[in-house]
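1. Need a 3D model of the following:
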Amino acid sequence: MDKAELRRAVIARRDALDLNVRAAKSADICARLVELSDRLDAAASRTVAVYAAMGSEADPAAFAAAAAKRGWRVAYPCMLSAIDAAACGQRMCMRAVAADDASVAPFIVHPTRAFAATDIDSSRFPIVPAEAFDMIVAPLVAFDQTGARLGYGGGCYDRYLPTLSASCHIIGIAFEEQRVDRVPADAHDLPLPNIISA
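-> A predicted model of the protein is given here:
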């Protein structure tokens with residue numbers, strides 16, 4: 001099965017999960033993320049990146065809320081306009097969002113829309129440099145026992161993850177129903193060192 005076929009099949013399987021089952025699994029994943037983050041180096045403050053769940057994705061919102069409550073800086077992906085992407089070599093950046101601003105951050109409300117730098121209030125939603133992250137929680141469509149990750153096909157995380165510091169904890173989250181025997185991988189596809197599934 002090629003990537004496109006596998007992507008369609010796994011998304012259909014994920015979509016078929018009952019809403020209550022997805023919510024319970026997301027809650028379990030978030031609790032495990034909190035446990036994991038509590039075991040990491042006890043820095044005075046931490047910077048974490050999460051994502052705004054779309055459709056039937058595992059939802060890290062409860063983890064983001066717990067991180068903000070602990071005083072950590074929480075950032076979300078912001079897709080870049082073609083001009084900005086060409087200028088920096090990335091298709092997305094990460095912007096810090098205060099907990100009470102999450103409902104009005106345009107890149108959270110519209111996670112797949114590309115924004116020009118001038119579209120976003122950078123004083124309210126500053127770009128967080130990749131090397132500043134202590135942890136990043138990445139979405140995925142499918143995964144296998146080797147940590148191979150199948151994304152949505154845009155390559156955003158494949159380009160972004162190598163820019164993180166070596167000490168950053170990279171964690172993919174998914175439902176167990178997204179596990180497959182083997183994810184077809186190309187040379188540029190990076191396996192994830194950690195995947196939490198429920």
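
2. Name the residues of stretch 103-122 that come out as buried.
-> By neighbour count on 16 or more other C-beta atoms under 10 Å, the buried set for stretch 103-122 is Ala105, Phe107, Ile108, Pro111, Ala114, Phe115, Ile120. For the C-beta atoms, the positions are set from N, CA and C on the backbone; glycine is no exception.

3. strands paired with the top strand by length along the chain, and their directions?
-> Counting residues, the longest strand in the chain under DSSP state E turns out to be strand 73-80. Strand pairing for strand 73-80, determined by DSSP bridges: strand 47-49 (parallel), strand 92-96 (antiparallel), strand 114-115 (parallel).

4. Centre of the chain to stretch 63-79, how far?
-> 11 Å (C-alpha atoms, centre = their mean, to the nearest Å).

5. again with stretch 18-29
-> 17 Å.

6. Not counting it itself, show me its contacts.
-> Stretch 18-29 is contacted from outside by 17, 53, 56, 58-63, 173, 175-176, 196-198, using C-beta atoms under 8 Å, 6 or more residues apart in numbering.

7. before we move on, back to that, make JSON lines from the strands paired with strand 73-80 and add distance to Met135 to it.
-> Below are the strands paired with strand 73-80 laid out as JSON lines (distance: least, C-beta to C-beta, whole Å):
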{"stretch": "strand 47-49", "distance to Met135": "5"}
{"stretch": "strand 92-96", "distance to Met135": "12"}
{"stretch": "strand 114-115", "distance to Met135": "24"}
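
8. Give the ChimeraX command for selecting the buried subset of the contacts of stretch 18-29.
-> Restricted to buried positions by 16+ other C-beta under 10 Å, the ChimeraX selection for those reads:
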select :53,56,58,59,60,62,63,173,175,196,197,198
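
9. Among the contacts of stretch 18-29, name the ones in helices.
-> Using DSSP state H, Ala61, Ala62, Phe63 are the members of the contacts of stretch 18-29 that sit in helices.

10. And the strands in the protein, which stretches?
-> Counting by DSSP E, the strands of the chain are 47-49, 73-80, 92-96, 114-115, 135-138, 142-143, 149-150, 169-174, 194-197.

11. what's the angle between the longest helix that the chain contains and strand 169-174?
-> Secondary structure of the chain per DSSP H: the longest helix is helix 19-39. Orientation check (axes from the mean of the first three to the mean of the last three C-alpha atoms, to 10 degrees): helix 19-39 against strand 169-174 gives 170 degrees.

12. Rounded mean pLDDT for helix 19-39, please.
-> In this model, helix 19-39 has an average pLDDT of 95.

13. Tell me which residues are up against stretch 145-157.
-> Contacts for stretch 145-157 (C-beta under 8 Å, 6+ apart): 3-4, 6-7, 10, 77, 79, 90-92, 138-143, 158, 172, 179-180, 182-185, 188-195.
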